[in-house]
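Peer 1: Got a sequence here, can you build the structure:
(one chain, ligands or ions: 2)
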Amino acid sequence: MPKPVVDYSLYLVTDSGLNNPSRTLLQSVEDSIKGGVTLVQLREKELDTEAFIELAKKVHEVTKKYNVPLLINDNIEVALAIDAEGAHVGQDDISCVEARKLLGNDKILGISTGTPEEAKKALADGADYIGIGTCFMTQTKSPKRTLGPIGVRTILEVIPKESELKTVVIGGIKHDNTRRVVEHSAGSHGRIVDGVAVVTGIVSASDAKIASEQLLREFRIGYENASKHIQGQCQARESVENVLKSFPPLLSTLREKSPLTHHISNYVVMNDTANATLALGGSPIMAPSAVEAEDLSKVVSSVVLNIGTLTESFVECMIEAGKHANVQSKPVIFDPVGAGATTLRENTTRRILNSMHVDIIKGNAGEISTIAKIVGCDTESIAMRGVDSLGSGFSNPAAVVQAVAKREKCVVAMTGVIDYVSDGVRTVAIKNGHSYQGRITGSGCMIASSIASFAAISPNDHFAAAVAGILALNLAGEHAARRDDVRGPGTFRAAFIDEIANLVPEQMLTEAKIETIQLN
Ligand SMILES: Cc1ncc(COP(=O)(O)OP(=O)(O)O)c(N)n1
Ligand SMILES: Cc1nc(C(=O)O)sc1CCOP(=O)(O)O
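Peer 2: Ligands and ions are numbered 1, 2, ... in the order given. This is a model prediction of the structure:
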């Protein structure tokens, strides 16, 4: 029999020990296939070969009925005994080359990989597909480390686009992270994972059919979104000119609707960011407890994550809030304060980027430089040289911002004397603002808050939200600095809040100094 053509979209990996006690494993397999599972792996760690064969025969009867291929985990003898469609082996099991010899060329052979080197070897050794993991923390087995979508992408990127090797991501895959993993892990050279492999998300679910339907739907949405990103047609993008024209009505709508923005911010600036949000016309809630993050995600319009004063409980709250915001499709604004300054900050930045989809990243040059490295931007080709330890500049800041935005499939705003914003396609420089803004605490954090309020009322164009959010505060800075009663940073601080409140929507158009930057 020729090798079956496999659809890897939704790959059920079984585990009797985790099967929902309300039904048998055979029922779980059948229900999940009815819900859309396209490939099944029988993974039984506790059975001897004889019992494994017995169970495998029964499972094979079910999978054959629906024309879904069945692979056997680790045990080639069992795979051959029941004439399964193939097998899956781990790095500590029989080698891929040996397994291929025993199975022959007509069977499907998959191997687990956790590094680019293992993926390259799997390709050379004749595997049909690789399992890339462990993506997220899982209780199904004890992972040595987790890769997150960024790590998965690093592995995907070593596989040539034209190669026949298929890929599935495994480890902690649930319906509420599938879309993000698929979308976020897509490689810049165009590879997207071919499927998601799931154990508990299906076998432990109260209804395996419904769980499978949800997972397959999320996989397909993620795949479609990733394809659009790769083709650079994520959304019909308004021209920069039209974006600028939208600012006066955006500010008026913001004041009318007063959107609620959830801030998990640092306690040095919490008061300033809350006041700036109120002055702009928004409504802040400063809530740093993970326990209420899910409830809040249903009522707020956007979320700001600021790592300025880092504690584990802040980070837990940020991750909870970000994940729930993703589920509720509320924009997430990430302010990676001091990202490169310490190992803790760098690791936390990586953890946040791996735990959720961030819609807008706002940082200074040093912070964006750290993110560029974390997400694996090709720093040579985007001319990163020139950034110093204080993060005062790049030799080509617009190119850096655009490259990070493209890679992370989000909007990146880099603040400084000139601010740069890009969504990976449109890139602008904003030349408004006043040097006093750099002489008070929290002016950058206030910009993140302002962006969050604009993102809440511009959910379909985060680029417009980021540019408007920066521009509004920069104009307020200019207006405040011009006032006769402002004699230094102290008086500026109060005047700044006043002028945010006094900003006239039309000024967003008449006073904007925004230039479009054309990059290749
Ligand atoms: C699709 C897929 N990917 C990875 C694994 C893990 O296999 P292995 O490394 O052999 O670990 P165990 O499954 O034996 O715990 C898998 N089973 N399937
Ligand atoms: C079987 C397996 N292999 C992994 C790897 O990293 O190779 S992670 C994993 C467990 C996946 O279970 P769940 O979907 O319940 O998280």
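
Peer 1: mind checking pLDDT for the most centrally placed residue in the chain?
Peer 2: Centroid-nearest residue in the chain: residue 357, 3.0 Å away (criterion: Cα atoms, centre = their mean). pLDDT recorded at residue 357 is 90.

Peer 1: and what of residue 188?
Peer 2: So residue 188 comes in at 75 (pLDDT).

Peer 1: Isn't it up against residue 409?
Peer 2: No. Checked against Cβ atoms under 8 Å, the pair residue 188 and residue 409 is beyond contact range at 10.1 Å. To be clear about C-beta, it is placed using only N, CA and C from the backbone, and glycine gets the same treatment.

Peer 1: So between the two, which is more surrounded?
Peer 2: residue 409 (20 against 16; other Cβ atoms under 10 Å).

Peer 1: any idea how far the closest residue to that one other than its chain neighbours lies from ligand 1?
Peer 2: Nearest residue to residue 409, sequence neighbours excluded (Cβ to Cβ, 6 or more residues apart in numbering): residue 229, at 5.0 Å. Remark: distance between residue 229 and ligand 1 (Cβ to the nearest ligand atom, to the nearest Å) = 25 Å.

Peer 1: Tell me the confidence at residue 229?
Peer 2: Value for residue 229, per-residue pLDDT: 78.

Peer 1: Where does it sit, in terms of helix or strand?
Peer 2: Assigned by DSSP states H and E, residue 229 belongs to helix 208-230.

Peer 1: helices or strands up against that helix?
Peer 2: When contacts are defined as 3 or more Cβ pairs under 8 Å, 6 or more residues apart in numbering; DSSP states H and E, helix 208-230 packs onto strand 10-13, helix 25-35, helix 175-185, strand 195-198, helix 200-203.

Peer 1: Out of the ones you listed, which gets nearest to ligand 2?
Peer 2: Closest to ligand 2 of the helices and strands packed on helix 208-230, according to Cβ to the nearest ligand atom: helix 200-203, at 3.4 Å.

Peer 1: Just list what that closest one packs against, helices and strands only.
Peer 2: helix 25-35, helix 208-230.

Peer 1: ok, residues contacting that helix?
Peer 2: 12, 14-15, 18-20, 25, 28, 32, 37, 138-140, 173-175, 208, 211-212, 215 (Cβ atoms under 8 Å, 6 or more residues apart in numbering).

Peer 1: Filter those residues down to the buried ones, ChimeraX style.
Peer 2: Buried residues within these, by 16 or more other Cβ atoms under 10 Å, are selected in ChimeraX with:
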select :12,14,15,19,20,25,28,32,37,138,140,173,174,175,208,211,212,215
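
Peer 1: who's in contact with residue 155?
Peer 2: Under the criterion of Cβ under 8 Å, 6+ apart, the neighbours of residue 155 are 113-116, 119, 130, 132, 147, 167.

Peer 1: what pLDDT does it get?
Peer 2: 96.

Peer 1: cool, and residue 378?
Peer 2: Reported pLDDT for residue 378: 73.

Peer 1: element containing the closest residue to it other than its chain neighbours, please.
Peer 2: Closest residue in space to residue 378, ignoring its immediate chain neighbours: residue 403 at 7.4 Å, by Cβ to Cβ, 6+ apart. When elements are assigned from DSSP H and E, residue 403 belongs to helix 397-408.

Peer 1: Which residues does that helix contact?
Peer 2: Counting by Cβ under 8 Å, 6+ apart, 184, 188, 353, 358, 361, 365, 368-369, 371-372, 375-378, 382-384, 394, 411-414, 416, 418, 420-425, 427, 429, 517, 519 sit against helix 397-408.

Peer 1: How about stretch 84-94?
Peer 2: 4, 6, 41-43, 56, 60, 69-76, 78-79, 95-96, 99, 102-103, 107-114, 118, 128, 131.

Peer 1: Of these, which are in range of ligand 1?
Peer 2: Restricting those to those touching ligand 1 (Cβ under 6 Å from any ligand atom) yields 41, 43, 73-74, 110, 112, 131.

Peer 1: can you pick the most crowded of the residues you listed?
Peer 2: residue 110 (30 neighbours).

Peer 1: Distance check, it against ligand 2.
Peer 2: Taken as Cβ to the nearest ligand atom, the span from residue 110 to ligand 2 is 11 Å.

Peer 1: Surely that residue forms part of a strand?
Peer 2: Yes. Counting by DSSP: H, G, I helix; E, B strand; the rest coil, residue 110 is found in a strand.

Peer 1: Low-confidence ranges, the stretch 151-300 of the chain, go.
Peer 2: 232-236 (pLDDT under 70).

Peer 1: Near ligand 2, which residues of the stretch 151-300 of the chain? Just list them.
Peer 2: 170-173, 198-201.

Peer 1: ChimeraX command to pick out the buried ones of the contacts of residue 155?
Peer 2: Burial among the contacts of residue 155 is assessed by 16+ other Cβ under 10 Å; the matching ChimeraX selection reads:
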select :113,114,119,130,132,147,167
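
Peer 1: Go through the contacts of residue 155 and name the one nearest ligand 2.
Peer 2: residue 114 (6.4 Å).

Peer 1: you'd agree the closest one is up against residue 135?
Peer 2: No. Counting by Cβ under 8 Å, residue 135 is not a contact partner of residue 114; they are 10.0 Å apart.

Peer 1: and for the two, which residues touch both?
Peer 2: By Cβ under 8 Å, 6+ apart, the residues touching both residue 114 and residue 135 are residue 147.

Peer 1: Please enumerate the strands of the stretch 1-150 of the chain.
Peer 2: 10-13, 39-42, 70-73, 86-89, 108-113, 129-132 (DSSP state E, counting those that start in this stretch).

Peer 1: Please tabulate these in a markdown table and include mean pLDDT and distance to residue 285 as additional columns.
Peer 2: Converted to a markdown table, these look like this (pLDDT from 0 to 100; distance: least, Cβ to Cβ, whole Å):
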| stretch | mean pLDDT | distance to residue 285 |
| --- | --- | --- |
| strand 10-13 | 98 | 38 |
| strand 39-42 | 98 | 44 |
| strand 70-73 | 98 | 47 |
| strand 86-89 | 98 | 47 |
| strand 108-113 | 98 | 43 |
| strand 129-132 | 98 | 38 |
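
Peer 1: Spell out which parts of the chain neighbour ligand 1.
Peer 2: So far as Cβ under 6 Å from any ligand atom goes, the chain lies against ligand 1 at 11, 13, 41, 43, 73-74, 88, 90, 93, 110, 112, 131, 133, 141, 168, 170, 197.

Peer 1: Can I get the strands of the stretch 1-150 of the chain in JSON lines including distance to residue 256?
Peer 2: Output for the strands of the stretch 1-150 of the chain, formatted as JSON lines (distance: least, Cβ to Cβ, whole Å):
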{"stretch": "strand 10-13", "distance to residue 256": "44"}
{"stretch": "strand 39-42", "distance to residue 256": "51"}
{"stretch": "strand 70-73", "distance to residue 256": "57"}
{"stretch": "strand 86-89", "distance to residue 256": "56"}
{"stretch": "strand 108-113", "distance to residue 256": "52"}
{"stretch": "strand 129-132", "distance to residue 256": "47"}
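
Peer 1: So which of these is nearest residue 490?
Peer 2: The minimum distance between residue 490 and the strands of the stretch 1-150 of the chain falls on strand 129-132, with 54.1 Å, by Cβ to Cβ.

Peer 1: Check which helices and strands that closest one is in contact with.
Peer 2: Partner elements for strand 129-132 (3+ Cβ pairs under 8 Å, 6+ apart): strand 108-113, helix 116-124, helix 148-156, strand 166-170.

Peer 1: 10 Å - rerun?
Peer 2: strand 10-13, strand 86-89, strand 108-113, helix 116-124, helix 148-156, strand 166-170, strand 195-198 (3 or more Cβ pairs under 10 Å, 6 or more residues apart in numbering; DSSP states H and E).

Peer 1: quick one, which of these is nearest to residue 468?
Peer 2: That would be, of those and by Cβ to Cβ, helix 148-156, which comes in at 28.6 Å.
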